[in-house]
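*Asks:* I would like the atomic coordinates for the input below:
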Amino acid sequence: MNNRVVTAHIPIDLAEQVDFFAARLDRPKGWIVRQAIASWVDLETKRYQFTLDGLANVDANQLVDHSSVVTWAKSLNQAE
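*Replies:* Predicted structure coming up:
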């Protein structure tokens, strides 16, 4: 796998937490950072796909009207 160096300025307390977990897990700091970035990219990819899916639903006129959502939301408090 080809790699590329990415530089980021992070707050000292965050850098210290990375140092702590790298030592605790006996892993290089780069491994911790790669794991964090991979998780973030995965999450953002899913969010983006949800947005595209929602827009496709709008285009297909697959909508729930506002009053139905309000009625449903109010019913959540009545379940207690």
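*Asks:* per-residue confidence for residue 75?
*Replies:* At residue 75, the model reports a pLDDT of 92.
*Asks:* can you list contacts of the helix or strand where residue 17 lies?
*Replies:* Using DSSP states H and E, residue 17 maps to helix 12-25. Residues outside helix 12-25 that contact it (CB atoms under 8 Å, 6 or more residues apart in numbering) are 10, 27, 28, 29, 31, 32, 33. Yep, even glycine has a C-beta here, placed from its N, CA and C like the rest.
*Asks:* packing partners for the helix or strand following that helix?
*Replies:* Following helix 12-25 in sequence order, the next helix or strand is helix 29-59 (DSSP H and E). Applying 3 or more CB pairs under 8 Å, 6 or more residues apart in numbering; DSSP states H and E, we find helix 29-59 packed against helix 12-25.
*Asks:* and the angle from the helix it packs on to helix 29-59?
*Replies:* Helix 12-25 runs at 110 degrees relative to helix 29-59, counting by axes from the mean of the first three to the mean of the last three CA atoms, to 10 degrees.
*Asks:* how far does helix 12-25 sit from its chain's centre?
*Replies:* Its chain's C-alpha centre and that of helix 12-25 lie 21 Å apart, by CA atoms, centre = their mean, to the nearest Å.
*Asks:* list the buried residues for it?
*Replies:* residue 22 (16 or more other CB atoms under 10 Å).
*Asks:* over to stretch 27-39?
*Replies:* Those would be residue 32, for stretch 27-39 by 16+ other CB under 10 Å.
*Asks:* ok so, going back, which two among the contacts of helix 12-25 are spaced furthest apart?
*Replies:* 10 and 27 (17.5 Å; CB to CB).
*Asks:* got the CA coordinates for the helix holding residue 17 in CSV?
*Replies:* This file holds the C-alpha atoms of helix 12-25, laid out as CSV (Å, rounded to 0.1, in the frame of the first residue of the first chain):
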residue,chain,number,x,y,z
ILE,A,12,-1.6,19.6,23.1
ASP,A,13,-4.2,17.8,25.2
LEU,A,14,-5.3,15.7,22.2
ALA,A,15,-1.7,14.9,21.3
GLU,A,16,-1.1,13.8,24.9
GLN,A,17,-4.1,11.5,24.7
VAL,A,18,-2.7,10.0,21.5
ASP,A,19,0.6,9.5,23.3
PHE,A,20,-1.2,7.8,26.2
PHE,A,21,-3.2,5.4,24.1
ALA,A,22,-0.2,4.6,21.9
ALA,A,23,1.8,3.6,24.9
ARG,A,24,-1.2,1.8,26.5
LEU,A,25,-1.9,-0.2,23.4
